[in-house]
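Asker: Could you work out the structure for the sequence below:
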Amino acid sequence: MKVRWLIVLIAFVCGVAQADGVTWDSLSNEQQQVLNSFADGWDQLPADRQQRLATGAQRWSAMSASERKAAKQRFAQWRNLSDERRALIRERYEIYRQLSPEQQSRIRDNYRQFKQMNRERRKALRDRYQNMSPEERAAMRERLRQKRDRAVRPARDRAQKTDRRR
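Answerer: You can find the predicted model right below:
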């Protein structure tokens with residue numbers, strides 16, 4: 001994730017992402033090779049699309065072979081989704097982007113924990129959640145929030161006591 005942002009930042013600083021679009025000649029040789037299929041119509045593309053493609057090509061060029069293979073697999077999965085499913089994912093991503101960094105971090109940590117569980121445990125949790133009513137789901141989320149708050153509170157209280165002693 002940090003590498004991705006670093007590449008975007010470098011591309012931005014190097015002038016790849018210009019407000020009025022990206023000229024074909026300003027692309028590096030690697031970017032031009034990746035984007036070769038867009039060469040003839042590059043000037044007709046909207047500026048924001050040129051910027052996204054240039055940034056993506058820069059990221060692609062910086063990837064290892066295994067990272068490229070994984071990216072191709074993810075893209076194939078994305079293309080196989082229905083339009084409705086892609087729209088839902090985009091909507092949820094926008095909601096996620098509007099969360100505070102702490103909330104985003106908590107979601108990522110929960111996802112990591114979930115992925116570390118064995119396959120049977122993940123399936124059992126998914127099935128249990130899907131069989132709950134909306135009210136049961138809300139109650140479960142509230143219990144988890146309270147549990148988290150109880151776990152955070154003692155650590156916060158210890159830190160405050162330490163600060164007072166100084």
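Asker: now the helices for this structure?
Answerer: 2-13, 29-34, 47-62, 65-80, 83-97, 101-116, 119-130, 134-165 (DSSP state H).
Asker: Switch these over to CSV; also include distance to Asp40.
Answerer: Yep, even glycine has a C-beta here, placed from its N, CA and C like the rest. Shown next, in CSV, are these (distance: least, Cβ to Cβ, whole Å):
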stretch, distance to Asp40
helix 2-13, 23
helix 29-34, 12
helix 47-62, 14
helix 65-80, 23
helix 83-97, 28
helix 101-116, 40
helix 119-130, 47
helix 134-165, 51
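Asker: Among the ones you listed, show me which one is buried the most.
Answerer: Ranked by mean neighbour count, the helices of the chain are led by helix 47-62 with a mean of 18 (mean count of other Cβ atoms under 10 Å).
Asker: Can you check which of the helices of the chain gets nearest to Gly41?
Answerer: helix 47-62 (10.6 Å; Cβ to Cβ).
Asker: and the closest one, what does it pack onto?
Answerer: If contacts are counted by 3 or more Cβ pairs under 8 Å, 6 or more residues apart in numbering; DSSP states H and E, helix 47-62 sits against helix 2-13, helix 29-34.
Asker: By mean pLDDT, show me the worst of those helices.
Answerer: Considering the helices and strands packed on helix 47-62 one by one, the lowest average pLDDT is found for helix 2-13, at a mean of 54.
Asker: residues touching Met117, list them.
Answerer: By Cβ atoms under 8 Å, 6 or more residues apart in numbering, the residues touching Met117 are Leu125.
Asker: Rank the helices and strands of this structure by mean pLDDT and give me the bottom one.
Answerer: helix 2-13 (a mean of 54; mean pLDDT, DSSP states H and E).
Asker: Let me know which of the helices of the chain is the nearest to Val22.
Answerer: Closest to Val22 of those, according to Cβ to Cβ: helix 47-62, at 4.3 Å.
Asker: Okay, angle between the closest one and helix 65-80 too, please.
Answerer: Calculated by axes from the mean of the first three to the mean of the last three Cα atoms, to 10 degrees, helix 47-62 forms an angle of 140 degrees with helix 65-80.
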